[in-house]
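[1] One predicted model, sequence on top.
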Amino acid sequence: MPARPIVMLVRKPLTVAGLVLAVSVLPLAGCSSGNETRPNSSPETTPSPEILRVTCVGKSLRIATDSVAATAAGVTLRVKNRGPAGTYLNYSSLGVSGGDPAPRKATLWTLSFPPGQLVLSCSDHGLRGKSVRVEVEDPGHHWRTTSLRDLDCPGVAQPMWRFPTAKGPTPPAAAGALARGFDRIGQGRPGPLTPHVAAVGYPDDPSQTWLLSDSRGPYASARVVHADGQGFLAAADRLC
């Protein structure tokens with residue numbers, strides 16, 4: 001009887017395709033269910049500059065941005081006139097309104113515009129151009145919301161031209177000299193006036209607000225500013 005052949009079973013090694021399959025499955029095991037926190041992909045906002053560049057070209061006004069950040073001293077404008085002589089930059093806000101000649105050479109103006117909307121325009125020999133709105137921001141919370149009305153000085157009337165101005169080497173000296181000038185005029189008050197700083201607006205405002213008070217309370221407000229090379233100048237602003 002012929003011998004039966006012997007059959008041997010040999011286990012084959014893993015193939016390269018098997019390895020690739022095994023590796024390709026690993027990332028699938030770590031797939032998220034969609035509940036993970038994803039990084040915020042919203043674009044970053046650019047902070048407003050602390051100096052707003054303003055240029056008058058005749059009646060036309062050009063600004064670099066539509067917002068400006070206030071500092072402890074107030075709102076700073078870099079003003080330049082590229083138009084004819086006699087061009088004015090006009091400004092209007094809830095706190096300060098007016099207009100001044102725009103200089104040929106770029107000059108920094110610091111003004112007490114409160115946070116909120118500021119309206120600017122240029123005028124050429126009395127003809128005003130289109131207004132531009134700028135947002136005054138206060139990221140450092142410098143603006144003090146207390147008003148003169150809160151300090152019992154609603155400012156219902158402007159002092160007449162005959163009320164004095166005064167100078168001094170320091171703001172207190174100038175305000176004191178102004179108070180003594182009021183005392184000489186009299187006006188039937190019960191006693192002398194005493195000056196003190198009013199904590200309103202921006203703390204480092206170059207134009208400080210003072211109150212002149214007697215025993216009954218505030219009588220008048222005053223502005224104290226640098227006098228070019230001559231210390232400080234105090235001028236009456238409003239009668240309380």
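    Done, it's in. Computed from a predicted structure; not experimentally measured. Residues are numbered from 1 along each chain as shown.

[2] nearest residue to the residue most central in space within the chain other than its sequence neighbours?
    Taking C-alpha atoms, centre = their mean, the centroid of the chain lies closest to Ala70, which sits 1.9 Å from it. In space, and not counting its chain neighbours, Ala70 is closest to Asp138: 4.8 Å by C-beta to C-beta, 6 or more residues apart in numbering. The way it works is simple: take the backbone N, C-alpha and C, and place the C-beta from them, glycine included.

[3] could you check the distance from that neighbour over to Val96?
    Asp138 is 15 Å from Val96, where distance means C-beta to C-beta, to the nearest Å.

[4] Now do the contacts for the nearest residue to Ser60 once chain neighbours are set aside.
    Closest residue to Ser60 apart from its sequence neighbours, by C-beta to C-beta, 6+ apart: Gly129 at 5.6 Å. Counting by C-beta atoms under 8 Å, 6 or more residues apart in numbering, Gly129 makes contact with Gly58, Lys59, Ser60, Leu61, Ser121, Cys122, Ser123.

[5] While we're on Gly129, how confident is the model there?
    pLDDT recorded at Gly129 is 90.

[6] give me phi/psi at it?
    The phi/psi pair for Gly129 (degrees, to the nearest 10) reads phi -90, psi -170.

[7] tell me the domain boundaries of this structure?
    51-137, 149-239 (automatic domain parsing).

[8] Identify the residues contacting the residue nearest to the centre of the chain.
    Glu50, Phe113, Pro115, Val136, Glu137, Asp138, Gly140, His142, Trp143, Tyr202.

[9] Adding pLDDT, secondary structure and distance to Arg78, write those residues out as CSV.
    Formatted as CSV, the contacts of Ala70 follow (pLDDT from 0 to 100; DSSP: H, G, I helix; E, B strand; the rest coil; distance: C-beta to C-beta, whole Å):
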residue, pLDDT, secondary structure, distance to Arg78
Glu50, 96, coil, 11
Phe113, 94, coil, 15
Pro115, 96, coil, 20
Val136, 97, strand, 15
Glu137, 97, strand, 17
Asp138, 97, coil, 19
Gly140, 96, coil, 20
His142, 97, coil, 19
Trp143, 96, coil, 21
Tyr202, 95, coil, 18
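
[10] I'd like the domains of the chain laid out as a markdown table, including distance to Thr45.
    Listed next are the domains of the chain as a markdown table, based on distance: least, C-beta to C-beta, whole Å:
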| stretch | distance to Thr45 |
| --- | --- |
| domain 51-137 | 11 |
| domain 149-239 | 24 |
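
[11] rank those by mean pLDDT and give me the bottom one.
    When I compare those, domain 149-239 is least confident, with a mean of 86.

[12] Check the separation of the first and last residues in that one.
    Domain 149-239 has an end-to-end distance of 12 Å (C-alpha to C-alpha, to the nearest Å).

[13] Pull the distance from it to the chain's centre.
    26 Å (C-alpha atoms, centre = their mean, to the nearest Å).

[14] ditto for stretch 233-240
    Here the centre of stretch 233-240 is set off from its chain's centre by 25 Å, with C-alpha atoms, centre = their mean.

[15] can you list the residues that contact that stretch?
    Counting by C-beta under 8 Å, 6+ apart, residues outside stretch 233-240 touching it are 148, 152-159, 163-168, 171, 174-175, 177-178, 182, 209-211, 217-227.

[16] Go through those and flag which are in strands.
    Counting by DSSP state E, those place 165-168, 209-211, 217-226 in strands.

[17] one step back: just the buried residues from the contacts of stretch 233-240, in PyMOL please.
    Selecting only the buried entries of the contacts of stretch 233-240 in PyMOL, with 16 or more other C-beta atoms under 10 Å as the criterion:
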select buried, resi 148+153+159+163+164+166+168+171+174+175+177+178+182+209+210+211+218+219+220+221+222+223+224
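
[18] Who are the packing partners of the helix or strand harbouring Arg184?
    If you go by DSSP states H and E, Arg184 is part of helix 171-185. Counting contacts by 3 or more C-beta pairs under 8 Å, 6 or more residues apart in numbering; DSSP states H and E, helix 171-185 packs against strand 165-168, strand 194-197, strand 208-214, strand 217-226, strand 232-239.

[19] Fine by me, we can end here.
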